[in-house]
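Visitor: quick one: sequence plus predicted model below, questions after.
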Amino acid sequence: MNIIIVGDGKVGAALAAQLSGEGHDVTIIDSNSHVLRESAEALDVMVVAGNGATMATLQEARVDQADLLIAATSRDELNLLTCLTAKKLGCANTIARIRNPEYTDQLIAMREELGLSLTVNPEQAAAIEAYQLLQFPSVLKRESFAKGRVEIVAVPVHEGSKLAGIPLHKLYEIARVKVLVCAVERQGEVHIPGGSFQLQTGDTLFVTAALQDLAQLVRNLGLVEQKVKNLLIIGGSRIAFYLTQRCLDSGIHVQIIERDHERCMRLAETFPKATVIEADGSRQEVLDAQGLPYFDAVITLTGMDEENVVLSMFAQHVGVGKVITKINRVEYSELFRKVGLGSIISPKALCCSNIVRYVRAMSTASGSAGVLALHTIVDGKVEALEFRAGSDTRHCDQPLREVPLKDGILISCITHRGETMIPKGDTRFHPGDTIVVVTAGGGRILSQLNDIFAD
Amino acid sequence: MNRKIIGRMLGFLLLLECVFLFPSVVVSALHQEQNALAAILATMVIAAVSGGALCFIFRRADRHFYAREGFLITALGWVVLSAVGALPFVFSGEIPHYVDALFEVISGFTTTGASILTEVESMSKGLLFWRSFTHWLGGMGILVFLLAIVPMGKGGYSVHILRAESPGPSVGKLVPKLRQTAAILYGIYVALTVLDVLFLLAGGMPLFDALCTAFGTAGTGGFGVKNDSMAGYSPYLQNVCTVFMALFGVNFSLYFLLLIGQFRQFFRSEELGVYVLIMLSAIAIITVNTMAQYPGFRDAFHHAAFTVSSIMTTTGFSTVDFNLWPQLSRSILVVLMVLGACAGSTGGGIKTARLILLFKSLRSQIRQMLRPRSVNPVQVEGHTIPDETIRGVDTYMSAYLTIVIFSVLILALDGLPMETNLTGVLACLNNIGPGLGMVGPASNYSVFSDLAKVVLMLDMLFGRLEIFPLLILFSPTAWKKAG
């Protein structure tokens, strides 16, 4: 597909890398020719310098030939204008990054006029992910499928865990709920395990389970499950706004440390129930004074990755149960996992996978069999995708053990008429079912369900 | 540095050369030239075995490479291709001396067209075909061809190969994918070449001559298959050459604009305007200047147009011995030699695009001196040119001058006249072929010693690769593993 990305910032560049890697023709527009040159050298893309909201620049990028335009600059208004202009010039599909929560209602009311195919809000997505993690503090990561009925959760195997040394086929004896281990990460390597795969201390399991079984699973695995009642947010960023709203709604007490006075005022005005502290959260005295060790959970949301990493390590050091770190640059996340940083959220990566999912759904000719959800786990080494089986899907109504799948692909869950099953050898899927597929084939691109079959 | 990928790419190149030698085998077989046939086949075996071995040894090479690897692949690729490409001439005994054979084939690949052969017509057809075919391959660049057919992994760093091999100060892609860009360039190139062959055949030129002439024209090379270059052909055929040489001297991305219907942008191209303007004024002046030597205006115009088109696009075909023209015309030719064709064409020289930048930056510099507080950006076609591009052009010019000076000094050791040395160096560095004096269109480069020939070979490679990729080979940092 022919894709134009306006804005060569963090999100734009990551999208360009991902989409051009998937074989699309990508053109990047930015007014800063220095970042453009870097992109032009590192990626197989074309670059156009200029203001992406002007007709001249968009025409130079041949927007009339483009199938999709993604406006990912840091300014909402600019993104909207860019999408409007592109639409006028004949671009069929537009995606805008809109971050200001004040525009949310407008976007819904003006859907027709704006003609946007999709809006993405990285900060909101990050807040939702953080909130989900706070609900189950013992899991490292949660990805939901089938309208939230199925989850893939990351579960650590700690020192002295019940799971260490257990082969996978005995997992049911411990878990006592129907689950499927779809991937195991061991020292940065990803394994798609078989029944005889033996678990070790330090592994991270990616487990598919139905939402209603999740609590029981966590309990049976012997993970201490303590409900989060007190949350400390360090850094009053936009994510903090979204997150505070959700947490307060569900009765979690929130304390926010922010150094900027204006922001503190806005936070305090918006959330009278929350405690807002105007102080530099990166100073140890401040944290000590707030009683850091007594919080159930800490989330670091300052604008600087380094500060977040250090603060999270400190919080873990003093014994906070659940620590979530926001990191914008995902390049070093392998290292962060190694030092045991726990849960990491990255607005940029979330935004990217949202858009990539949309693009993959677009590239499928028939909308019925397209990608419904896409989550990447372990730095994109593993992808979990949700598809709906259509009438053109092969191997429908066939027992799974007879269905030839490509290497490194696993059907981890089938939802049939609202009922979720963890598949076995004699399970079948039917047209209309949604199917969650896990793949560890680096570089393989699944854009429709038929791509998973070996024949 | 990723040395393995360099080895792997060189292996690919050798395999590709083996494939490209095949048409010459057919020609040799058709003309029943046992000797040449055996020589070409032997070379094919050598290329295939060494290329296959390199590909096999480095089959696990990491596909990622950066600017440095791109430059090294380009420079080494051209050297290796030439070293192997010269073998058929040596094996067949038609050019027994390896240095001479190397000179001939480098002259071919770099689309120079300077020859050490005194007697072209006595060569076997198969080797003559190979000699002309190297022009065609070298014209658009054999690595660009490789880019068009070999998938290069995810990264975009292979753009450095395109940049290193394509002439011009700022090489850009036509479409987002490098592979498609390379394929489009080659598509235009092949289409124009076929058109040229058809026009030549329509004028009654034998197929073999038509192919070789078209290869020489397309690559703006200039190897002829006749001793008198193009002089023996009919005026129609000469006119076809005049037109096609001029066409191949135009930036190929402009043809792409025509293909996608962007006519306005095509005609707004400043480079095209300046190129046509220089060409027409040179033809006009030379026509008037040489009128006395020819029976009438039409003859003078005919030869002036052919020669200007041939020299300015750095092809080097000739219909007359322009060495005998008046001083003014000869001087204009020397200037045209240096100017060269458009960037992004198959021609050599400094390129019209650089000339425009040089002139405009000179103008802005002068304004700056007169009004020190004024701001004078250099603009081409409404776009401001970044300072780095201009600095790049300045650096290119100083490197260019340095090479000319040292080459002329080394050539002077042979004791030949100044005019011969200077125009010889310019003709090689700008990939033209014939110069003036003892290297004029009626003579050849066999007068030079081996040392001088080596210097001229380097000049040809410098000219074709636009100096820097080759210059990098001599930099110790380029070879360090880390850093």
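Guide: Sure thing, it's come through.

Visitor: quick one: pLDDT of B:Val171?
Guide: With respect to pLDDT, B:Val171 scores 65.

Visitor: for A:Thr57, same thing?
Guide: 91.

Visitor: who are the contact partners of it?
Guide: Contacts for A:Thr57 (C-beta atoms under 8 Å, 6 or more residues apart in numbering or on different chains) come out as A:29, A:48, A:50-51. Placement of C-beta: from N, CA and C, glycine included.

Visitor: against A:Leu114, how distant is it?
Guide: Distance of A:Thr57 to A:Leu114, given as C-beta to C-beta, to the nearest Å: 20 Å.

Visitor: kindly report the same for B:Ala399.
Guide: 53 Å.

Visitor: the helices in the stretch 301-450 of chain B, which residues?
Guide: Remark: helices assigned in the stretch 301-450 of chain B by DSSP state H, counting those that start in this stretch are B:327-339, B:352-370, B:387-411, B:418-429, B:450-464.

Visitor: tell me what the third one is packed against?
Guide: I take that to be helix B:387-411. Packing contacts for helix B:387-411, counted by 3 or more C-beta pairs under 8 Å, 6 or more residues apart in numbering or on different chains; DSSP states H and E, involve helix B:352-370, helix B:418-429, helix B:450-464, helix B:468-473.

Visitor: rebuild the ones you listed as JSON lines, extending it with mean pLDDT and distance to B:Ala29.
Guide: Converted to JSON lines, the helices and strands packed on helix B:387-411 look like this (pLDDT from 0 to 100; distance: least, C-beta to C-beta, whole Å):
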{"stretch": "helix B:352-370", "mean pLDDT": "92", "distance to B:Ala29": "43"}
{"stretch": "helix B:418-429", "mean pLDDT": "92", "distance to B:Ala29": "34"}
{"stretch": "helix B:450-464", "mean pLDDT": "93", "distance to B:Ala29": "31"}
{"stretch": "helix B:468-473", "mean pLDDT": "86", "distance to B:Ala29": "36"}
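
Visitor: which residues does the worst-scoring helix or strand of chain A on mean pLDDT contact?
Guide: One helix or strand of chain A scores below all others by mean pLDDT, DSSP states H and E: helix A:333-338, with a mean of 73. With contacts defined as C-beta under 8 Å, 6+ apart, helix A:333-338 is touched by A:188, A:204, A:309, A:325, A:327, A:344, A:346, A:379.

Visitor: nearest residue to B:Cys55 in space, please, no chain neighbours.
Guide: B:Gly11 (3.7 Å; C-beta to C-beta, 6 or more residues apart in numbering or on different chains).

Visitor: element containing the one you found, please.
Guide: helix B:3-30 (DSSP states H and E).

Visitor: that helix packs against which elements?
Guide: Using 3+ C-beta pairs under 8 Å, 6+ apart, helix B:3-30 sits against helix B:34-57, helix B:67-85, helix B:125-140, helix B:142-149.

Visitor: what residues of that helix count as buried?
Guide: B:4-18, B:20-21, B:24-25, B:27-28 (16 or more other C-beta atoms under 10 Å in any protein chain shown).

Visitor: got it, and stretch B:252-263?
Guide: Neighbour-count burial for stretch B:252-263 flags B:252-257 (criterion: 16+ other C-beta under 10 Å).

Visitor: lowest average pLDDT across the helices and strands packed on helix B:3-30?
Guide: Looking at these, the bottom one is helix B:142-149 with a mean of 79.

Visitor: dump the next helix or strand after it to CSV, keeping only the CA atoms.
Guide: The helix or strand immediately downstream of helix B:142-149 is helix B:159-165, counting by DSSP H and E. Coordinates of each C-alpha in helix B:159-165 appear next as CSV, following Å, rounded to 0.1, in the frame of the first residue of the first chain:
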residue,chain,number,x,y,z
VAL,B,159,20.3,4.0,-0.9
HIS,B,160,24.0,4.8,-0.4
ILE,B,161,24.8,2.4,-3.3
LEU,B,162,22.3,4.2,-5.6
ARG,B,163,23.8,7.5,-4.4
ALA,B,164,27.4,6.3,-4.9
GLU,B,165,26.8,5.0,-8.4
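
Visitor: B:Ala36 touches B:Arg131, doesn't it?
Guide: No. In this structure, B:Ala36 is not within contact of B:Arg131 by C-beta atoms under 8 Å, at 11.3 Å.

Visitor: the helix or strand encompassing B:Ser281: which residues count as buried?
Guide: Assigned by DSSP H and E, B:Ser281 belongs to helix B:270-290. Across helix B:270-290, burial judged by 16+ other C-beta under 10 Å covers B:271-272, B:274-275, B:278-279, B:282-283, B:286-287, B:289-290.

Visitor: could you do stretch B:440-448 as well?
Guide: Within stretch B:440-448, the residues scored as buried using 16+ other C-beta under 10 Å are B:440-445, B:448.

Visitor: can you tell me which of the residues you listed is nearest B:Gly51?
Guide: Taking C-beta to C-beta as the measure, B:Tyr445 is the one of these closest to B:Gly51, at 30.1 Å.

Visitor: which residues of the stretch 301-450 of chain A score low on pLDDT?
Guide: For the stretch 301-450 of chain A, applying pLDDT under 70 flags the ranges A:364-370, A:378-380, A:441-443.

Visitor: which stretches in it count as helices?
Guide: A:305-317, A:333-338, A:347-363.

Visitor: using PDB, write down the CA coordinates of stretch A:318-329.
Guide: The C-alpha trace of stretch A:318-329 is given here as PDB (Å, rounded to 0.1, in the frame of the first residue of the first chain):
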ATOM      1  CA  VAL A 318      12.100   0.100  48.900                       C
ATOM      2  CA  GLY A 319       9.600  -2.700  48.300                       C
ATOM      3  CA  VAL A 320       6.600  -1.200  46.400                       C
ATOM      4  CA  GLY A 321       4.500  -4.200  45.200                       C
ATOM      5  CA  LYS A 322       3.700  -3.000  41.700                       C
ATOM      6  CA  VAL A 323       5.800  -0.700  39.700                       C
ATOM      7  CA  ILE A 324       4.900   0.500  36.200                       C
ATOM      8  CA  THR A 325       7.400   2.500  34.100                       C
ATOM      9  CA  LYS A 326       6.500   4.700  31.200                       C
ATOM     10  CA  ILE A 327       9.300   4.500  28.500                       C
ATOM     11  CA  ASN A 328       9.100   6.400  25.200                       C
ATOM     12  CA  ARG A 329      12.200   4.900  23.700                       C
END
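
Visitor: so how far is that stretch from its chain's centroid?
Guide: Average the C-alpha atoms of stretch A:318-329, do the same for its chain, and the two points are 16 Å apart (C-alpha atoms, centre = their mean, to the nearest Å).
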